[in-house]
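Colleague: give me a 3D structure for the following:
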Amino acid sequence: MKTFFAGIDPGSIDGKTTGICFLKKNLGFRLQTGVIAGKYIQRVLSAKEGKIAVAAIRSPAQIGHGKGDMRLWEKYLSQKAFKKRGLSALPPSFVPKVMATGIIARDYLADHGLVENKTIIETHYPLLEKVIKKTVIDRFMPKRKIFKSEHEYQAYLCSIVAYLHNNKETFWIGYKDGLMFLPKPKYWYKKAWNFFNYQWQKKHIFRYKHLKTDLTALKF
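Modeller: Numbers count the residues shown, from 1 in each chain. The predicted structure follows:
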């Protein structure tokens, strides 16, 4: 039975910087978290083979065709307005070892029954950290849970997105070169959502004409 919602924060292949979180709903929420070297990600995921309902991976876990290997949504989030607020996306070419771990995780999950953009999704941690309401974050966290590192915490936020996605509580932005998933607006701080929505409505009509979303509230 698929009862786990996996959050993955890819780190270096060799360094112990890859966060992993398995969220499970069972009379409340339970977490299994840890930090590993990226080269062991397949071994860790194999322990939950056939039990993962949805996996959310912190980007990047795909190579784009734009400058710095960016995909269209990453290029969009690299604009000045997002950079000023610490929300921008780092070009994948800047973090090749991190991207390699993300790709390994994504490919392993795909080879074991999960489906791209349905049960394997990518999300963007800098946005999650700044926009998700604290009450939402605390709702999934067992009492007295202490994260040993930022990598565990980042994986935890990804696991929340995986759980929400399973319950049809996410939306995506992107293009055919890749999609990025986020919680629906009701999980955001109002001020954060207003900023994001405003930037979307004023985005460059030609430069980002192919950038799409499945959320009605964001569409022109």
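
Colleague: burial of residue 84, as a residue count?
Modeller: For residue 84, the neighbour count with other C-beta atoms under 10 Å is 9. No exception for glycine: its C-beta is placed from N, CA and C like everyone else's.

Colleague: that one and residue 130, how far apart?
Modeller: Residue 84 is 12 Å from residue 130, where distance means C-beta to C-beta, to the nearest Å.

Colleague: next, count neighbours for residue 86.
Modeller: Count around residue 86 with other C-beta under 10 Å applied: 10.

Colleague: name the nearest residue to it, sequence neighbours excluded.
Modeller: residue 126 (6.0 Å; C-beta to C-beta, 6 or more residues apart in numbering).

Colleague: find the residue at the geometric middle of this protein.
Modeller: The chain has residue 123 as the residue nearest its centroid, 2.1 Å off, counting by C-alpha atoms, centre = their mean.

Colleague: from residue 23, how far out is that one?
Modeller: Using C-beta to C-beta, we find residue 123 at a distance of 14 Å from residue 23.

Colleague: what's the spacing between the residue nearest to the centre of the chain and residue 80?
Modeller: Residue 123 is 23 Å from residue 80, by C-beta to C-beta.

Colleague: could you list the low-confidence segments of the chain?
Modeller: For the chain, the stretches flagged by pLDDT under 70 are 27, 144, 217, 219-220.

Colleague: at 90 instead, please
Modeller: Along the chain, the parts satisfying pLDDT under 90 run over 1-2, 25-30, 64-68, 89-91, 141-146, 148, 204-205, 216-220.

Colleague: the residue of it most remote from its centre: what secondary structure?
Modeller: Distance to the chain centre peaks in the chain at residue 206, reaching 27.0 Å (criterion: C-alpha atoms, centre = their mean). Under DSSP: H, G, I helix; E, B strand; the rest coil, residue 206 falls in the coil class.

Colleague: who are the neighbours in contact with it?
Modeller: Neighbour list for residue 206: empty [criterion: C-beta atoms under 8 Å, 6 or more residues apart in numbering].

Colleague: any idea how far it is from residue 184?
Modeller: Taken as C-beta to C-beta, the span from residue 206 to residue 184 is 28 Å.

Colleague: check residue 192 too.
Modeller: 13 Å.

Colleague: for those two, indicate the residue with more neighbours.
Modeller: Neighbours per residue (other C-beta under 10 Å) separate residue 192 from residue 184, with residue 192 holding more: 17 against 14.
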